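>>> this one's sequence-less:
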């Protein structure tokens, strides 16, 4: 992946991605966090579906609290496939996210009270090789859940 001729290093370093967050409703009526990742210049990152325990694997978390939890079962669209990457930093199986991808994480609300809870999206963007921590704020008011960057 790191030596791909499809990588435009100028773009991959200056503006490798855009991320957007929304709250949706799941089929069961519960809330879900929808994260849309748009990649530029051939940028890529490690999917949360990767079995190898990479530091900087894509994840979303909320600050410790009693009102909101993010489920571990999620949807990734399109779903990544496991490949073997011989690069010295990987040297084994990995699921690379190389195209615009959407994630849906179930959210569980455990309170009827209004709240504001911080969280973050964490991942390493390649080939820039930087740990990205994108802050988010979950707001629950009068039964309506919203998320802001």
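Perfect, I can see it now. Not measured: the values here are computed from a predicted model. Residues are numbered from 1 along each chain as shown.

>>> Give the residue spans of this protein that score low on pLDDT.
By pLDDT under 70, the low-scoring segments of the chain are 1-3, 5.

>>> ok, which stretches of it are strands?
Counting by DSSP state E, the segments of the chain that form strands are 17-25, 31-39, 45-46, 59-62, 68-70, 75-77, 83-85, 92-94, 96-97, 101-109, 115-125, 130-141, 144-148.

>>> so of these, which one's packed in deepest?
Of all the strands of the chain, strand 45-46 has the most neighbours on average by mean count of other Cβ atoms under 10 Å, namely a mean of 24. The way it works is simple: take the backbone N, C-alpha and C, and place the C-beta from them, glycine included.

>>> Name the residues that touch that one?
By Cβ atoms under 8 Å, 6 or more residues apart in numbering, the residues outside strand 45-46 that reach it are 37, 54, 56-58, 94-97, 123-126.

>>> let's go with 10 Å and repeat that
Residues outside strand 45-46 that contact it (Cβ atoms under 10 Å, 6 or more residues apart in numbering) are 16-17, 37, 39, 52, 54-59, 80, 90, 94-98, 101, 123-126, 128, 132.

>>> would you turn the strands of the chain into TSV with distance to residue 10?
Formatted as TSV, those follow (distance: least, Cβ to Cβ, whole Å):
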stretch	distance to residue 10
strand 17-25	15
strand 31-39	15
strand 45-46	19
strand 59-62	28
strand 68-70	35
strand 75-77	28
strand 83-85	24
strand 92-94	25
strand 96-97	21
strand 101-109	23
strand 115-125	15
strand 130-141	15
strand 144-148	30
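
>>> nearest to residue 7, of the ones you listed?
The closest of the strands of the chain to residue 7 is strand 31-39. By Cβ to Cβ, the value is 10.8 Å.

>>> Show me what that closest one pairs with in its sheet, parallel or antiparallel.
Sheet pairing of strand 31-39 (DSSP bridges) gives strand 17-25 (antiparallel), strand 101-109 (antiparallel).
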